[in-house]
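S.K.: Just to be clear, the model below is a prediction. Sequence and coordinates:
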Amino acid sequence: MVLVDANGNIIKEVTKKYPLDYPQSGWAEQHPEDWRTAVKEGSKDLLKTNDTLNIPRVDFKS
């Protein structure tokens, strides 16, 4: 996750990992709850940068 200013300058970057399950050979699964937890924790970490920061928009991209 990345926090950028209005000019596109990176203010802070955060990475959160989540598990990948392999129930059978050649299969891989991820769980939506792990995604939600990672986004929630990452967002909190980004916002700790400056709690008076004006954030006009939030975008998500995988």
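M.R.: All right, it came through fine.
S.K.: what are the phi and psi values for Glu13?
M.R.: For Glu13, the backbone dihedrals (degrees, to the nearest 10) come out as phi -130, psi 140.
S.K.: what secondary structure does Ala38 sit in?
M.R.: helix (DSSP: H, G, I helix; E, B strand; the rest coil).
S.K.: Skipping adjacent residues, who's closest to it in space?
M.R.: Of all residues not flanking Ala38 in the chain, Lys16 sits nearest, at 3.9 Å (CB to CB, 6 or more residues apart in numbering). Glycine gets a C-beta too; all of them are placed from N, C-alpha and C.
S.K.: Within the helices and strands, which one has the one you found?
M.R.: Using DSSP states H and E, Lys16 falls within no helix or strand.
S.K.: Please report the distance of Val39 from Lys61.
M.R.: 12 Å (CB to CB, to the nearest Å).
S.K.: So between the two, which is more surrounded?
M.R.: Val39 (14 against 5; other CB atoms under 10 Å).
S.K.: before we move on, back to that, give the full set of residues in contact with the residue nearest to Ala38.
M.R.: 1, 38-39, 41-42 (CB atoms under 8 Å, 6 or more residues apart in numbering).
S.K.: Can I get the residues you listed in JSON lines including distance to Pro56 and pLDDT?
M.R.: Shown next, in JSON lines, are the contacts of Lys16 (distance: CB to CB, whole Å; pLDDT from 0 to 100):
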{"residue": "Met1", "distance to Pro56": "17", "pLDDT": "88"}
{"residue": "Ala38", "distance to Pro56": "24", "pLDDT": "93"}
{"residue": "Val39", "distance to Pro56": "19", "pLDDT": "92"}
{"residue": "Glu41", "distance to Pro56": "23", "pLDDT": "94"}
{"residue": "Gly42", "distance to Pro56": "19", "pLDDT": "91"}
